[in-house]
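> I need the structure of the sequence given here:
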Amino acid sequence: MLLNAVRYGLPAVLILAGFAVLLIDDSARRIDGFAMLAGAGLSVALLNVLFRFGAAGDRDREQEDRAREFFSEHGRWPDDAPPTS
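Residues are numbered from 1 along each chain as shown. Got it, this is the predicted structure:
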């Protein structure tokens, strides 16, 4: 639950806070506040996406290592059909 709060909730809160600053503040700094908060929210979301891509690469490497171990033991790849003789 905490992971989902950081992954989705934090960027959403930051972006919504940026829109709130844009709508509520009457000074010339409102655009700066909006850009700062919305940019921070989008940055957090992008970091989460990049981290997930990196973690997916680790799973691929682990699968490849298991396939190579299987090949070393059996002399064939796991997805190849076993010899019939």
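> Determine how far the helix ranked longest in the chain lies from the middle of the whole chain.
Ranked by residue count and defined by DSSP state H, the top helix of the chain is helix 30-74. In this view, helix 30-74 has its centroid 5 Å away from the chain centroid, taken as CA atoms, centre = their mean, to the nearest Å.
> Give me the helices and strands touching that helix, please.
On a contact count with 3 or more CB pairs under 8 Å, 6 or more residues apart in numbering; DSSP states H and E, helix 30-74 meets helix 10-24. Bear in mind the C-beta positions are built from the backbone N, C-alpha and C, glycine included.
> Phe53 versus Leu37, what's the distance?
From Leu37 across to Phe53, the span is 25 Å (CB to CB, to the nearest Å).
> which one of those two has more residues nearby?
Leu37 (20 against 9; other CB atoms under 10 Å).
> Need the residue closest to the centroid of the chain.
Nearest to the geometric centre of the chain sits Val49, at 2.4 Å (CA atoms, centre = their mean).
> Identify the residues contacting that one.
By CB atoms under 8 Å, 6 or more residues apart in numbering, the contact set of Val49 is empty.
> can you rerun that using 10 Å?
Applying CB atoms under 10 Å, 6 or more residues apart in numbering to Val49 gives the contacts Arg7.
> and the gap between it and Tyr8?
For Val49, the distance to Tyr8 - CB to CB - is 11 Å.
> what number of residues lie near Val44?
The local packing of Val44 (other CB under 10 Å) involves 18 other residues.
> So what's the residue count around the residue nearest to it when sequence neighbours are not counted?
Leaving aside its chain neighbours, Val44 sits nearest to Pro11 (4.6 Å; criterion: CB to CB, 6 or more residues apart in numbering). Summarising burial for Pro11: neighbours were counted as other CB under 10 Å, giving 20.
> gap between Pro11 and Met1?
From Pro11 over to Met1 (counting by CB to CB), the distance is 16 Å.
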